[in-house]
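A.B. asks: please find the sequence and the predicted model below.
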Amino acid sequence: MKAVLTDLYRAYMPTVAREAIMMRRRSALWQARGVVFIHVPKCAGSSVNDALYGRFMGHISADVIKRFGSADVKVVPSFSLLRDPMSRAISAYRFVQAGVGTGSGVVATVRKPERYDIPEFKSFDAFVQDWLPKQTLSKCDPVFRTQTSYVCAKSGAVLVDHLGSTADMTPTIAWLYDTLGRTVAIGRTNVTARGKSSANIVASPESRSILELVYRSDFELFNTRA
């Protein structure tokens, strides 16, 4: 029964409403830890959540916090991490193929992994060329949504105080030290399992062009911050 109710909750409640409910439940912990982390899926977020909060905190956009958060939450320093969009797309593809992450801390699982047991997921190029362009990203699994939808307003303005990169965590570690007055040791949890796609993935030129179009806002934001 619980699984059925969860499916109904996810199917019929708008994403913004679900995120607002999660935000209310996380507010006290954010305030207690002194920092709000916006977890963009497949951007090392599980490792950061584990280090800061000791638990999974959900994928809540900065826009939802700005619109619906309490005054006490809105003044808490916030940050997030970006990842090279190509690398993230490969990680997302591998994640839904494997059905689960790996690691010793917070580990995510794919909801209804059988949805991806289809010809369009037999190869990365098939996923990019035959499946991805047909999707409404805002209605997909969070791993396929744009990074900008989590950290930016609709205008494109960045809504977090610090925006780091998974490619080099040093500036983020320094920012956390300045903000919290302590060093935060970030490990590696929820690493994408290779599963069926154990071989290195190299996208074809056509796939790369499609990804650059589908995730145009992500490429633009990442390149300006790289």
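C.D. replies: Okay, I see it.

A.B. asks: drop to CA atoms for contacts and neighbour counts, all remaining ones
C.D. replies: OK.

A.B. asks: which neighbouring elements make contact with the top helix by length along the chain?
C.D. replies: The residue-count maximum for a helix in the chain (DSSP state H) belongs to helix 15-33. Using 3 or more Cα pairs under 8 Å, 6 or more residues apart in numbering; DSSP states H and E, the elements in contact with helix 15-33 are helix 62-68, helix 71-74.

A.B. asks: I'd like to know how many residues surround the spatially closest residue to residue 78 that is not a sequence neighbour.
C.D. replies: Computed as Cα to Cα, 6 or more residues apart in numbering, the closest residue to residue 78 that is not its neighbour in sequence is residue 36, at 4.5 Å. Residues lying near residue 36 (other Cα atoms under 10 Å) number 25.

A.B. asks: now do residue 56
C.D. replies: For residue 56, the count of nearby residues is 17 (other Cα under 10 Å).

A.B. asks: Three-state assignment for the residue positioned nearest the centre of the chain, please.
C.D. replies: With distances taken as Cα atoms, centre = their mean, residue 41 lies nearest the centre of the chain, 1.6 Å away. Three-state call for residue 41 (DSSP: H, G, I helix; E, B strand; the rest coil): coil.

A.B. asks: buried ones in the longest helix of the chain?
C.D. replies: For helix 15-33, a neighbour-count test (16 or more other Cα atoms under 10 Å) marks 15, 19, 20, 23, 26, 27, 30, 31 as buried.

A.B. asks: so how far is residue 145 from residue 93?
C.D. replies: 12 Å (Cα to Cα, to the nearest Å).

A.B. asks: okay, and the common contacts of those two?
C.D. replies: Taking Cα atoms under 8 Å, 6 or more residues apart in numbering as the contact criterion, residue 93 and residue 145 have no common neighbours.

A.B. asks: comparing the two, which residue is more hemmed in?
C.D. replies: The residue with more neighbours, out of residue 93 and residue 145, is residue 93; 22 against 19, by other Cα under 10 Å.

A.B. asks: is it correct that the more buried one falls within a strand?
C.D. replies: No. Residue 93: not assigned to a strand; according to three-state DSSP it is helix.

A.B. asks: got the contact list for it?
C.D. replies: 121, 124, 127.

A.B. asks: hmm, who's touching the longest helix of the chain?
C.D. replies: Applying Cα under 8 Å, 6+ apart, the contact partners of helix 15-33 are 10, 36, 52-53, 57-61, 64-65, 68-69, 72-73, 76.

A.B. asks: related to what we said a few turns ago, now the residue nearest to residue 78: how far from residue 150?
C.D. replies: Taken as Cα to Cα, the span from residue 36 to residue 150 is 13 Å.
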